[in-house]
Each structure stands twice: as structure tokens, then as C-alpha cells.
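S.K.: Here is a sequence together with a model predicted from it:
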Amino acid sequence: MDVASLAQYKDWIGRTDERHDVAAAAPLVSLSALLDREDLPPKDGDPAPPLAHWLYFLPNYRQSEAGPDGHALKGSFMPPAPLPRRMWAGSRLEFLRPLRVGSKISRKSRIADVVPKEGRSGALLFVTVRHEVSDDGGVVLVDEHDIVLRGETALANAPKPAPTNETWKRRIDPDPVLLFRYSAVTFNSHRIHYDQPYVTKVEGYPGLVVHGPLIATLLVDLLRRSRPQTMLKGYSFRALRPLYDTAPFDTCGLPDETARTAKLWTRDAEGAVTMEATATW
């Protein structure tokens, strides 16, 4: 597969999907438990925490529609490019008002861009999906995220030293129980997060891969622990390198109270940055 042959998938730009759900309390309780928080059980009308929308509109494809890696077979919404591996590379979020527990919500998704590229591991296809989550009062938040489709070869970005000037820090042990519970609460069947023989022998990683959205959630959780009353206006993150269940890592933050922003990042056991994020409030 070369870059030129991937250009045909630009025809997927503009494709849409719409889903409906209820912002139930039960997934929020499960998320709080796996984050090891002491939150009170949420009541109808309470504001849900940032990124809670990832707990809803869950993938409900039939078992027969799952591909070899556990993801849904491509072709209905995502471009059916013959690239077997995929990763969530980053997101840009705008929070317009709180998502309320118990509210009826909808998500309109649109493929905003499809860009073929040539990487060190071969041909890549970057797919940008824009989600708008709404309740009865209109749009609550906008989430634009980047998905990378790639070949069999694992991506191997050169390590970049992580900053060491953080004000906030929390160590995370990404053991298989944590990864399983996050897969369960998000109904994520991607085998790299729970199937150790598959992830090491088929995809060639050294261990179970920590979910990108889980890492992004842990960074927001660090901010929430450090500034409990913060109401986020924006959040963006970019994944640089994978994290595995083979070693602990640190979530780090450096706030700028004057600008009402914080730089957030993860630092692995070798001192490399694996995800960079910015939060505004």
C-alpha cells in the first residue's frame, strides 16, 4: 500500500453518523472507581466530569462485525483502507457548558479530513473526526480527534526528554486490572489493551498498551485533584509514544494561573514524554 493509492479515501470526507444516549450515572461511578477517586455518587442534574462523554455512544457492532484486532471492520463510517492497525493520536475539545447527569444526549460525527502520509513505518492515513455532543438545549461540547491507520510495523518515534519542572505529579501503575476496567467501562474491544499474547506476538509491542483516552483522562484527573473546582473550557492532547503495563509512569502538570491554563504531560520510566496536553479554564 502506497500513499498515492490512499488518496481515494478522501471521498470519505463529509460522511456522517448520529447516535443517541442518556448520560447515566453508572458509568461515571465506574470511572471514578478505576481512577481511585472518592467522589460522591452523581445525581441527575449534576455536571459530569470532563471527558465523561467518552463513556457514552459506545461501539455496539455485532460480534460477527469485529475484525482480527477487536475493532469494528472498516467501511461503514471509517474509510476501508487496507491498513490493519489504528491508534487515537490526539484530540481537541471545546467545552461549551456542562454535560448533565441524566440528560438525553446525541452525538453527530462527521469525517472532517482524510490525509495520506508517508511515515518511517510506511504509508499512513490520518482521519480527523469531528463530534458534536448535544442535549435538549443544544451543543454541549465539540470533540475533534485524529485517528491514524497504519500497516503492520509498529510506530517508533524517537524519545523526547520530558520536562521535570512540574508543580503537580502523580505516579500511575498501569497494571492489567486498570486497563481491563477502562476497556470494560468504554466497551473497548481493541485487543492491544487486554490480550497479552496478541499484543506481543502479533503487533510486536513489549506489553499491554495503555489506552490513549485513559492517559488523557488521567491527565485531566491530575488537574481535577490539584484544582478541584476547575471548569474546563478547552483541552487538547497529542500522543507521542505508547505506554505499556511494564512500568509505572508519571502524570505531570504545570499551571499558569494568570493565563488560566496548564501544561500537562506523561513521563515514562525512561524519562521520555509520551503525551502532551494543554488545558484551559
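M.R.: Received the coordinates, thanks. Numbers count the residues shown, from 1 in each chain.

S.K.: Provide a list of residues in contact with the spatially closest residue to residue 233 that is not a sequence neighbour.
M.R.: Of all residues beyond its chain neighbours, the one nearest residue 233 is residue 280 (4.9 Å), with distances taken as Cβ to Cβ, 6 or more residues apart in numbering. C-beta coordinates here come from the backbone N, C-alpha and C atoms, glycine included. Neighbour list for residue 280: 232, 233, 234, 235, 260, 261 [criterion: Cβ atoms under 8 Å, 6 or more residues apart in numbering].

S.K.: What's opposite residue 280 in the beta bridge?
M.R.: Beta-bridge partners of residue 280, counted by DSSP bridges, are residue 234, residue 261.

S.K.: What pLDDT does the model give it?
M.R.: As predicted, residue 280 sits at a pLDDT of 98.

S.K.: what's the answer for residue 277, then?
M.R.: Looking at residue 277, its pLDDT reads 98.

S.K.: Check which residues of the helix or strand hosting it are buried.
M.R.: Taking DSSP states H and E as the criterion, residue 277 maps to strand 273-280. Buried residues in strand 273-280, counting neighbours by 16 or more other Cβ atoms under 10 Å, are found at 273, 274, 275, 276, 277, 279, 280.

S.K.: now stretch 164-173
M.R.: Applying a neighbour-count criterion of 16+ other Cβ under 10 Å, one finds 166, 168, 170, 172 buried in stretch 164-173.

S.K.: Identify the bridge partners of the closest residue in space to the first one that isn't next to it in sequence.
M.R.: Nearest-residue entry for residue 166: residue 252, 3.7 Å, with adjacent residues in sequence omitted and distances by Cβ to Cβ, 6+ apart. Note on residue 252: beta-bridge partners by DSSP bridges are residue 169, residue 265.

S.K.: My guess is residue 212 contacts residue 87. True?
M.R.: Yes. Taking Cβ atoms under 8 Å as the definition, residue 212 is a contact partner of residue 87 at 6.9 Å.

S.K.: Just the helices from the protein, written as ranges.
M.R.: 3-6, 26-34, 176-185, 196-201, 212-226 (DSSP state H).

S.K.: Return the member of those helices having the minimum mean pLDDT.
M.R.: helix 3-6 (a mean of 82).

S.K.: can you give me how far that one is from the chain middle?
M.R.: 27 Å (Cα atoms, centre = their mean, to the nearest Å).

S.K.: So for that helix, what gets flagged as buried?
M.R.: Within helix 3-6, the residues that count as buried by 16+ other Cβ under 10 Å are residue 6.

S.K.: From the contact counts, what lies against it?
M.R.: Using 3 or more Cβ pairs under 8 Å, 6 or more residues apart in numbering; DSSP states H and E as the contact test, the elements touching helix 3-6 are strand 104-119, strand 122-135.

S.K.: Out of those, which is the most enclosed?
M.R.: Compared across the helices and strands packed on helix 3-6, strand 122-135 shows the largest average neighbour count, a mean of 20 (mean count of other Cβ atoms under 10 Å).

S.K.: Show me what it is packed against.
M.R.: Partner elements for strand 122-135 (3+ Cβ pairs under 8 Å, 6+ apart): helix 3-6, strand 104-119, strand 138-150.

S.K.: So what angle separates the directions of it and strand 138-150?
M.R.: 170 degrees (axes from the mean of the first three to the mean of the last three Cα atoms, to 10 degrees).

S.K.: before we move on, the earlier item: what's the separation between the residue nearest to residue 233 and residue 93?
M.R.: 10 Å (Cβ to Cβ, to the nearest Å).

S.K.: before we move on, what about residue 178?
M.R.: In this view, residue 178 and residue 93 are 23 Å apart by Cβ to Cβ.

S.K.: higher neighbour count, these two?
M.R.: residue 93 (23 against 20; other Cβ atoms under 10 Å).

S.K.: wait, that one sits on residue 236?
M.R.: Yes. Here residue 93 reaches residue 236: they are 6.8 Å apart, a contact under Cβ under 8 Å.

S.K.: Show the contacting residues for residue 42.
M.R.: Contacts for residue 42 (Cβ under 8 Å, 6+ apart) come out as 25, 28, 29, 48, 101.

S.K.: For it, grab phi and psi.
M.R.: Backbone torsions of residue 42, given as degrees, to the nearest 10, read phi -70, psi 150.

S.K.: For it, give its distance to residue 221.
M.R.: When distance is defined by Cβ to Cβ, residue 42 is 16 Å away from residue 221.
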